[in-house]
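1. give the three-dimensional model of this entry:
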Amino acid sequence: MLDDFSELKFFHSFRIRVEEVDQVRFLVERETGIDRYEYIDDGKVIDVSATGIGLTTAEHLFVGQELRFSIQFRKMRIEVEGRVIRSLVSEEEEKEGKMIYGVRLEDVQEMNDFIKRYISSLPVERLRDCLEGLALEDRRSMKGGPSELFSLLVSLFRGIGTLTSKRELIPIIFREAASILEAEKFAVFLIDPESNELQAVEALGLEGRELKCYFRKGIAGSVFTSGSSINIETSEDKIRLSAMPEGVRSVICHPIQNGKDKVVGVIEAINKKREKRFQREDEEIMRICSIIFGIIFDRYEPFAKHSEVRSFSHSFDRKYALIGRSKALKALRKAIVSLKDLDGPVLIGGEEGVGKSLLAQIIHTEGIHSLGVLETLDCRYLSDEEMEDALFGPENVVEKTRGGGLLFKNVHGLSQNIQNRLAHFLEEREKAQNLSALGPRIFLTTNEDLEKKVSNGTFHPQLFGLISKAIVHIPPLRERNEDIKDLVLYFLKLECRKQGLLLKAFSEGLLEKFALYSFPQNVRELRRYVSTAVTLNPKNHVISELDEVTMTKLSKEVGVPRFFDHLPTALYGKIALKDRVALVEGKMIEGEIRRLRGNKSRAAREMGISRETLRKKMAAAQRVLNRLGQGLSGEKADRHHDKIGEKKSA
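-> Residues are numbered from 1 along each chain as shown. Next comes the predicted model:
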């Protein structure tokens, strides 16, 4: 069971230290949004293994953050991706103001090839040191007094766990951990999805209301929803949680995961005796505690039909849900997890009807701001006077939504005057230490290219800079037609329930026509068709036809290749055949690169072409589009990755 934890897998791998004389070159980028990365200029790789990379930097990275590495050694060049799973500080790095981060790689095959070549180049002395380390290192031990003592409990637990009930060990492990941590208060909380509360199953020094809390509230709630540990000292650390209980000086809290890697609870220790805060060795103890309790509760997976806790409830029973199983939807769900507990603005782009407001609502509902309301201002329909009054009047919406969220729908519709005021407001918020204390979290949606509007002078450049740090793009339904059937069934269930009818079904023939239709108005249009179908067929259990107008629309597109829906120039009669082919190939490559999060080398491999051929085909498509006065959205990605090549050549 211990080996099911990715962090232990990483630390059990033997690591080879990277030295400057080895002439291994690295470029490190961190993810800042979907398909958005920025370089870590001072990133330095200190060791490598078959499963991970050790990295030092002065930049602040969080557990779970995705990193991308471009590695060049002699004539070999690879690109790998991974997630931060651990952060720590050594005395040497602390003097330089840097942190050490452990990054576990997602695809280790290329790393294995690199390590084989890297090891073969090492001198004899280095190889001898590596072999000695591999033979003599006890990789399961934890260095340090209390941590070393507590690691014995792990070994003890593994032996005893097969002989007695695991739950009987909870008080024993709990008492030992509380004693070693020297905490005034210590508790193990598990989630109850029926009440949406974290409830204490074992507690020391807690009573009454402290024995349970709403699953998104306080430090325990933040750790539960984010899955990341916290170690804070309240008088020094900047924290976003405004309602800190009286008398709390220091808190350390770690998540508990079950056998399916779902967070099912937390361990929390409050107020370190005789010290201002909990130390690094206390973090090691808490980490081991979370592993042990994860083993104890490995099969704990409660379920409640209408629970607010997403992990333990059906998505169909939720008020707000993203429906679909496409790769685009999976990327959006990953973005929700990354963004839900932050304070900064989120800009959501996409065509009309794709669900931009829904995504904003989900990010709000899933995050720590959900205790407050989310208000919406539609920038297209409010006059300057109405917008001015709503934002800055005596009873403004900013005060009303403090601690909650504020959605600017169709932000491209704001006048220049309101753009100036909003830019000033957001700039003042950004300068503050505690964003959530100054007002709501800001969400903005648009179906236009704001960067282009900035270039032509119709959108405030400073405002765009403030709202574009976290951008999420929702692709149109025609680019993810594998989601159509799930959406149809979902809306059918909702509409039947709304109209008080038994659950109906669509015929296979009608579902096929839905799958072949381009849906210019996206999900909004699909839902309207389903609603009309249920209304016009109250007695039919299986619906095989819609109204005449809708059926005509659907029938017109049957047999038309949906691949070209978003590439109209490919069907334009005045373009030569070779140029049409170049456009189609460019769009296919662009889509594959986007699917693989910008990894061009991997895209080339999966499409059966070389990296150079991929570059040439992208360039050929761009030349055609330049002649047509258009732009390929992959152009920026191309420049971005060419920048890596330029840096490596330098």
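2. tell me where the stretch 301-450 of the chain has strands.
-> In the stretch 301-450 of the chain, the strands defined using DSSP state E, counting those that start in this stretch lie at 346-349, 374-378, 405-409, 441-446.
3. so where is the stretch 201-350 of the chain shaky, pLDDT-wise?
-> 236-244, 306, 310-311, 313-318 (pLDDT under 70).
4. in it, which spans are helices?
-> With DSSP state H, counting those that start in this stretch as the criterion, the stretch 201-350 of the chain has helices at 218-226, 280-296, 327-339.
5. got the angle between the last one and strand 441-446?
-> What it means is helix 327-339. 150 degrees (axes from the mean of the first three to the mean of the last three CA atoms, to 10 degrees).
6. for helix 327-339, packing partners?
-> Here helix 327-339 touches helix 356-366, strand 471-473, going by 3 or more CB pairs under 8 Å, 6 or more residues apart in numbering; DSSP states H and E. In this view, the C-beta of every residue, glycine as well, is placed from N, C-alpha and C.
7. His541 touches Leu502, doesn't it?
-> Yes: if you go by CB atoms under 8 Å, His541 and Leu502 touch, sitting 7.4 Å apart.
8. more crowded one of those two?
-> More crowded of His541 and Leu502, by other CB atoms under 10 Å: His541, with 10 against 7.
9. follow-up on the earlier one: using CSV, lay out the strands of the stretch 301-450 of the chain together with distance to Leu329 and mean neighbour count.
-> Below are those laid out as CSV (distance: least, CB to CB, whole Å; neighbours: other CB atoms under 10 Å):
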stretch, distance to Leu329, mean neighbour count
strand 346-349, 14, 24
strand 374-378, 22, 16
strand 405-409, 21, 24
strand 441-446, 18, 26
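10. export those to TSV and tack on distance to Thr535?
-> Below are the strands of the stretch 301-450 of the chain laid out as TSV (distance: least, CB to CB, whole Å):
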stretch	distance to Thr535
strand 346-349	31
strand 374-378	27
strand 405-409	28
strand 441-446	29
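11. among the ones you listed, which comes closest to Gly608?
-> Among the strands of the stretch 301-450 of the chain, the nearest to Gly608 by CB to CB is strand 346-349 (32.3 Å).
12. ok, the closest one: who's next to it in the sheet?
-> strand 441-446 (parallel), strand 471-473 (parallel) (DSSP bridges).
13. got those as TSV, with mean pLDDT columns?
-> Below are the strands paired with strand 346-349 laid out as TSV (pLDDT from 0 to 100):
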stretch	mean pLDDT
strand 441-446	93
strand 471-473	92
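14. reformat these as CSV; add distance to Val248.
-> CSV is the format used below for those (distance: least, CB to CB, whole Å):
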stretch, distance to Val248
strand 441-446, 25
strand 471-473, 35
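15. and of those, who's closest to Val124?
-> strand 471-473 (51.3 Å).
16. and Ala335, what does it touch?
-> Gly33, Ile34, Val472 (CB atoms under 8 Å, 6 or more residues apart in numbering).
17. where neighbours are concerned, which of those has the most?
-> Top of the contacts of Ala335 by neighbour count (other CB under 10 Å): Val472, with 25 neighbours.
18. am I right that that residue is in contact with Leu332?
-> Yes: here Val472 reaches Leu332: they are 7.0 Å apart, a contact under CB under 8 Å.
19. where do the contact lists of these two overlap?
-> Ile34, Leu359.
20. hmm, back to that, so which of the strands of the stretch 301-450 of the chain is nearest Phe174?
-> strand 441-446 (36.8 Å).
21. and the contacts of that closest one?
-> 342-350, 356-357, 360, 363-364, 367, 369, 374, 404-412, 426, 435, 467.
22. which stretches of the stretch 51-200 of the chain form strands?
-> Going by DSSP E, counting those that start in this stretch, the stretch 51-200 of the chain shows strands at 52-57, 66-73, 76-88, 99-105, 183-192, 197-204.
23. please point out which parts of the longest one sit buried.
-> Of all the residues in strand 76-88, those buried under the rule 16 or more other CB atoms under 10 Å are Arg77, Ile78, Glu79, Val80, Glu81, Gly82, Arg83, Val84, Ile85, Arg86, Ser87.
24. look up how far Tyr101 lies from the last one.
-> Right, the one you point to is Ser87. According to CB to CB, to the nearest Å, Ser87 and Tyr101 sit 5 Å apart.
25. rewinding a little: closest to Gly393 out of the strands of the stretch 51-200 of the chain?
-> strand 197-204 (37.9 Å).
26. who does the closest one touch, helix- and strand-wise?
-> helix 170-181, strand 183-192, strand 212-214, helix 218-226, strand 263-272.
27. who wins for proximity to Asp47 among the ones you listed?
-> helix 218-226 (27.5 Å).
28. restricting to C-alpha, output that closest one in CSV.
-> Coordinates of each C-alpha in helix 218-226 appear next as CSV, following Å, rounded to 0.1, in the frame of the first residue of the first chain:
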residue,chain,number,x,y,z
GLY,A,218,-10.9,27.4,7.6
ILE,A,219,-7.5,25.8,7.3
ALA,A,220,-8.8,22.2,7.4
GLY,A,221,-11.2,23.0,4.7
SER,A,222,-8.6,24.7,2.5
VAL,A,223,-6.3,21.7,2.8
PHE,A,224,-9.1,19.2,2.1
THR,A,225,-10.3,21.1,-1.1
SER,A,226,-6.8,21.8,-2.4
